[in-house]
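[1] Have a look; sequence and predicted model below, questions after that.
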Amino acid sequence: MTPSDLARLDAQLDALHLAHVKGNYQALATTAAQKQLSHLAYLAELIEGEAARRETRAIERRIKNARFPVLKTTDEASHADDQTQAGHGWGDPGGGVHAADGPYAAGFGRGHQKLTATTRTKPWGGSLLKSTGTMGDDPLSWCGKRRSGTTGRAPYGRELNLWCAGTSRGTRCCRRCGTRCEVVDRAYRLLAGCISVAGLALQFWLMAHYPSSKSLLTTATHFFSFFTIQTNVLIAASMLVPAIMPGTRLSQLFSNASIRTAILAYTLLTALVYFALLRNIGHDDGLERRADQILHYVAPALFFFDWLVFGAKGQVPFRAVPRFLIYPALYVGWTFFYGGFTGWYPYPFVNAKRLGLWHLATNFMGLVFVALVIPYGLVALDRLLTTVRRLRA
């Protein structure tokens, strides 16, 4: 082939994104001629190499999106701040790292270095990378403190970062064992949790000093009969428990992506109903107004920001949304049971004594509709954010 033919072929291979074929077809043609391979055998060798390269890059992208704790050699750690690594992994210009139900060889391009990675099942049902290889004489070790929860999620609900500083895709806080990220997460959640607790304490103190308040037991019963109070208790627990007791079973429970999404759905439902139906009822002023604003606006906004920025993404399926209604259904059952027994209802739009059956049913159906739309919208947003992350990767 003439140089112009080779240049045209290279341009066509670039347009088709066949990097392995472009880089190896001439050398492989020489080898095929020496071994007297057929044209089909020569073509099969090229296609197999291209398929292997694409499989490698696909696995690398999936590992990056999962953000496992990173494994790196001590040699890489010492040079992490001096230069950017040339490839997608630990110093392998053409290779990468694989995680699956068995070992894989990383690297199909030049500078091939074998590295195997397997998954190790953890007691809580997730898995972590466990690697062995020939990338150096130094043993491989974890970069980042041991984190709990399922794969790709830290005890604070934050996705784990695979790439260390010094790579083209990493961050400095991962190189420092994730300490900086964890400190930010915990500080934010401690602050948000304390604000929610302060709003709850202020509201209870105000209710206990109402002129119409009765015994402390009755006040406490009325206090916890408000859906706003229950959702803020869940917010405080979801913020404070993972920050104060990371790694515990309770922390793993409140770090679960489905549970946090359900809590956020309840919180947004409370804020929306308050803004649309309740904010102009009564003449709350002073501390009462501040308590309402904390419980209905500030705490939900802080929790939504936490879910949006720190929460693990892509883990909540749409089929989980109907289960989110179990808790509100139990709350409605308690409300009508307690209201029918005592004649007291926490909200005017569920007051069965004053509202007719048709009006009550209309309010109930409207609440059910909103309670379904909100979580489906959150899961859709979660999918959208996951897709954007993958495209950016």
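    Okay, I see it. On a predicted model such as this, the values are computed, not experimentally measured, just so you know.

[2] Next one: Thr386, what pLDDT does it get?
    At Thr386, the model reports a pLDDT of 88.

[3] quick one: contacts for it?
    Contacts for Thr386 (Cβ atoms under 8 Å, 6 or more residues apart in numbering) come out as Asn65, Lys313, Gly314. To be clear about C-beta, it is placed using only N, CA and C from the backbone, and glycine gets the same treatment.

[4] So in this structure, where's the weakest helix or strand by average pLDDT?
    Scoring the helices and strands of the chain by mean pLDDT, DSSP states H and E places strand 141-143 at the bottom, with a mean of 34.

[5] ok, now how distant is Ala312 from Pro246?
    Ala312 is 15 Å from Pro246, where distance means Cβ to Cβ, to the nearest Å.

[6] do the same with Ala236
    The gap separating Ala236 from Pro246 is 16 Å, by Cβ to Cβ.

[7] Then Tyr338?
    37 Å.

[8] give the contact list for Ser196.
    Counting by Cβ under 8 Å, 6+ apart, the residues that Ser196 touches are Asn232, Ile235, Ala236, Met239, Ile294, Leu295, Ala299, Leu302.

[9] mind listing which of those residues are in helices?
    Cross-referencing the contacts of Ser196 against helices under DSSP state H gives Asn232, Ile235, Ala236, Met239, Ala299, Leu302.

[10] Just name the closest of these to Pro322, please.
    Ile235 (22.6 Å; Cβ to Cβ).

[11] wouldn't the closest one be in contact with Phe304 here?
    No: Ile235 lies out of contact with Phe304 (Cβ atoms under 8 Å); the separation is 10.1 Å.

[12] shared neighbours, these two?
    Overlap of the contact sets of Ile235 and Phe304 (by Cβ under 8 Å, 6+ apart) consists of Thr267.

[13] Compare these two and say which is more crowded by neighbours.
    Counted by other Cβ atoms under 10 Å, Ile235 and Phe304 do not tie: Ile235 has more neighbours, with 28 against 16.

[14] list the contacts for the more buried one?
    By Cβ under 8 Å, 6+ apart, the contact set of Ile235 is Ala192, Gly193, Ser196, Ile263, Thr267, Ala299, Pro300, Leu302, Phe303.

[15] Pick the one among those residues closest to Ala44.
    Using Cβ to Cβ, Ile263 is the member of the contacts of Ile235 that lies nearest Ala44, at 54.3 Å.

[16] What strand or helix carries the closest one?
    Secondary structure assignment for Ile263, by DSSP states H and E: helix 257-273.

[17] which residues are in contact with that helix?
    For helix 257-273, the surrounding residues in contact (Cβ under 8 Å, 6+ apart) are 153, 157, 227-228, 230-232, 234-235, 238, 253-254, 296-297, 299-300, 303-304, 307, 311-313, 315-316, 320, 323-324, 327-328, 367, 370-371, 374-375, 378-379, 382.

[18] among these, which are in helices?
    Of the positions in the contacts of helix 257-273, 227-228, 230-232, 234-235, 238, 253-254, 299-300, 303-304, 307, 327-328, 367, 370-371, 374-375, 378-379, 382 sit in helices, assigned by DSSP H.

[19] Now restrict these to buried residues only.
    Neighbour counting by 16 or more other Cβ atoms under 10 Å classes 227-228, 230-232, 234-235, 238, 254, 299-300, 303-304, 307, 327-328, 367, 371, 374-375, 378-379, 382 among the ones in helices among the contacts of helix 257-273 as buried.

[20] Okay, now the unreliable bits of the chain?
    Scanning the chain for pLDDT under 70 picks out the ranges 67-181, 282-284, 393.

[21] what about the helices in it?
    Along the chain, the stretches classed as helices by DSSP H are 3-15, 19-35, 39-66, 74-79, 172-175, 179-208, 216-224, 227-244, 249-255, 257-273, 287-293, 299-309, 326-342, 357-392.

[22] Nearest to Pro348 among those would be which one?
    Judged by Cβ to Cβ, the one of those that comes nearest to Pro348 is helix 357-392, at 9.6 Å.

[23] Identify each buried residue in that closest one, please.
    Leu360, Asn363, Leu367, Ala371, Ile374, Pro375, Leu378, Val379, Asp382, Thr386.

[24] which two in these are spaced the farthest apart?
    Between all members of those, the farthest pair (by Cβ to Cβ) comes out as Leu360 and Thr386, at 39.8 Å.
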